[in-house]
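Trainee: please work out how this folds:
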Amino acid sequence: MALSAEDKANTYFPNFDLSPGSAPVREQGRKVGDTLTDAVDNMDDLPTALNALADLHAHRLRVPVGFSPVVYTSMEKFLTSVSAVLTSKYC
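Mentor: Next up, the predicted model:
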């Protein structure tokens, strides 16, 4: 049986108040935004720029567990779809 999004969030953020707009959710969103900004600022060397975060997720937090080829492909398809919608008005 697949876990719901809330169950998955509780796995990684068990002490968070997961209600919309809560301080922990906003703080995590800020961290994600800051990381994406850092990635944009360092597009010429993403492996170096994101190395510490990759290590944190892989070794300490164990986030990649369950990140199967099917999940990877689904995520890639989703992000491609988001990109297509965001650029659709340019044509």
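Trainee: which of the helices or strands spans residue 49?
Mentor: helix 46-55 (DSSP states H and E).
Trainee: for that helix, which residues meet the burial criterion?
Mentor: Of the residues in helix 46-55, residue 49 count as buried by neighbour count, 16 or more other Cβ atoms under 10 Å. Yep, even glycine has a C-beta here, placed from its N, CA and C like the rest.
Trainee: need the helices for the chain, in chain order.
Mentor: Remark: helices assigned in the chain by DSSP state H are 5-12, 23-41, 46-55, 69-87.
Trainee: show me how far the third one is from its chain's centre.
Mentor: For helix 46-55, the separation from the chain centroid amounts to 14 Å (computed by Cα atoms, centre = their mean, to the nearest Å).
Trainee: contacts for that helix?
Mentor: 35, 38, 39, 41, 42 (Cβ atoms under 8 Å, 6 or more residues apart in numbering).
Trainee: helix 23-41 and the helix holding residue 49, what's the angle between them?
Mentor: Following axes from the mean of the first three to the mean of the last three Cα atoms, to 10 degrees, one obtains 160 degrees for the angle between helix 46-55 and helix 23-41.
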